[in-house]
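Engineer: structure for the following, please:
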Amino acid sequence: MKIKYFMSPTCWPCRSFWKVIEELSDKYDIKKIDISTEDGIEIAKDEEIKSTPSVLIKWKVDREILVGAQDKETIINEIERQLKDE
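Structural biologist: Now for the predicted structure:
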């Protein structure tokens, strides 16, 4: 499973949502993608990310993009749903 957190340092919701991502990082491997860098922009384009903050969860052929600051339970539920479907 790949989990990517797309953010920008100038995005206020991204900064406040970072606390949730840090908590989830204790249990899940989450890669932070800063879209203010050239590499981050390219990755966001490749993954069809349109806004920040966004969490992309990819498992096998399934993918889910959660847009906006989500609560921790919503993200955990989506991760667990995808793991359950294996």
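Engineer: what strand or helix carries the residue positioned nearest the centre of the chain?
Structural biologist: The residue lying closest to the centre of the chain (CA atoms, centre = their mean) is Val55, at 2.0 Å. According to DSSP states H and E, Val55 maps onto strand 54-59.
Engineer: picking that back up, residues contacting the residue nearest to the centre of the chain?
Structural biologist: Val55 makes contact with Ile3, Lys4, Tyr5, Phe6, Ile21, Ile30, Ile65, Leu66, Gln70, Ile75 under the criterion CB atoms under 8 Å, 6 or more residues apart in numbering. All C-beta atoms are positioned from the backbone trio N, CA, C, and that covers glycine.
Engineer: dig out what it forms beta bridges with.
Structural biologist: Beta-bridge partners recorded for Val55 (DSSP bridges): Tyr5, Leu66.
Engineer: just the buried ones from the contacts of Val55?
Structural biologist: For these, a burial check counting by 16 or more other CB atoms under 10 Å picks out Ile3, Lys4, Tyr5, Phe6, Ile21, Ile30, Ile65, Gln70, Ile75.
Engineer: excluding chain neighbours, what is closest to the fourth one?
Structural biologist: Spelled out, that is Phe6. Among residues not flanking Phe6 along the chain, Ser54 sits closest, at 4.4 Å (CB to CB, 6 or more residues apart in numbering).
Engineer: just to check, that neighbour is in contact with Arg63?
Structural biologist: No: taking CB atoms under 8 Å as the definition, Ser54 is not a contact partner of Arg63, at 11.8 Å.
Engineer: buried ones in the strand holding Val55, by neighbour count?
Structural biologist: Ser54, Val55, Leu56, Ile57, Trp59.
Engineer: just these now: which is nearest Ser36?
Structural biologist: Among these, Ser54 lies closest to Ser36 (CB to CB), at 14.2 Å.
Engineer: residue contacts, the closest one?
Structural biologist: Counting by CB under 8 Å, 6+ apart, Ser54 touches Tyr5, Phe6, Ile65, Leu66, Val67, Gly68.
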